[in-house]
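> Turn this into a structure:
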Amino acid sequence: MKANETPSRWLPRIDFGTLMAVMALAISGLSFHRSYLYTKQDLQITVSEVSYMTNQGGVYMTIAFSNGGNRDAAILRVEPALWEKSGSQPSWRALGDKVHPDIPVTVPKTPFVVKAGGVEVATLSATLRPGDAEQSALSADGGAFLGIRVETMNSDGNLYRLEHAVARLTLDKTGRIKSAEAAIHQTLPGFEDVRVAPPGDRLQSNKQTPFVWADQES
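Reported below is the predicted structural model:
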């Protein structure tokens with residue numbers, strides 16, 4: 001190298017068009033990997049509101065399904081439920097009676113799909129007679145429990161079932177419903193088998209705690 005030559009004069013030159021083509025190919029490969037080879041399954045379920053119009057016998061819930069993965073998720077079933085002492089083994093019984101002939105129990109109707117990266121909100125409406133709720137009360141916990149039953153499927157065809165308490169109906173000394181409080185304070189995984197009997201989780205109220213209310217039975 002001559003004394004008056006700079007390093008840029010003798011270093012191999014890279015064609016700008018070639019560089020852009022290489023970068024485009026790398027980005028395309030990364031996109032292909034994320035879209036077709038890399039799979040992320042991530043469905044989260046959050047109960048945002050629970051209400052029970054005691055004297056009218058109407059249970060209402062709002063549930064958000066958030067898909068943070070890169071594959072679609074299927075919601076096969078979502079329904080409100082009551083923890084019931086059936087025989088020797090208590091279990092969640094689905095509430096399937098409509099509050100009105102023109103109002104479906106679940107909106108949108110199941111099954112439905114939550115697109116990758118998207119959010120879907122489902123509303124539940126069902127009839128629950130106060131007497132049925134009061135008879136299902138657990139003496140040890142001093143109340144009756146409302147919950148949800150959810151069945152999901154991921155893009156691999158795997159099936160999952162979730163059962164969890166969402167609200168506790170408190171009773172007065174005469175055994176009648178007087179109020180309600182949340183029995184869930186967390187977002188639940190949609191692609192895991194989760195079966196939680198009352199009284200639900202023991203977490204403190206936070207941003208995942210739903211709005212819950214019930215009116216005094218008259």
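
> What number of residues are in the vicinity of Arg195?
By the measure other C-beta atoms under 10 Å, the count of residues near Arg195 is 11. C-beta: built from backbone N, CA, C; applies to glycine.

> tell me the pLDDT at the nearest residue to it once chain neighbours are set aside?
Spatial nearest neighbour of Arg195, excluding adjacent residues (C-beta to C-beta, 6 or more residues apart in numbering): Glu163 at 4.6 Å. Here the pLDDT value assigned to Glu163 is 97.

> and if you look at Thr152?
pLDDT, Thr152: 98.

> how is the chain carved up into domains?
The chain breaks down into these domains under automatic domain parsing: 7-37, 43-214.

> What strands line up against the helix or strand hosting the residue nearest to Arg195, and which way round?
Glu163 belongs to strand 159-171 when elements are defined using DSSP states H and E. Partner strands for strand 159-171, per DSSP bridges, with pairing direction: strand 143-153 (antiparallel), strand 177-182 (antiparallel), strand 194-195 (parallel).

> Mind listing residues that contact the last one?
The one in question is strand 194-195. Outside strand 194-195, the residues that touch it by C-beta atoms under 8 Å, 6 or more residues apart in numbering are 161-164, 188.

> Now it: average pLDDT?
94.

> That strand: what's the following helix or strand?
Next element after strand 194-195 (DSSP H and E): strand 211-214.

> I'd like the average pLDDT over that following strand.
Strand 211-214 shows a mean pLDDT of 94.
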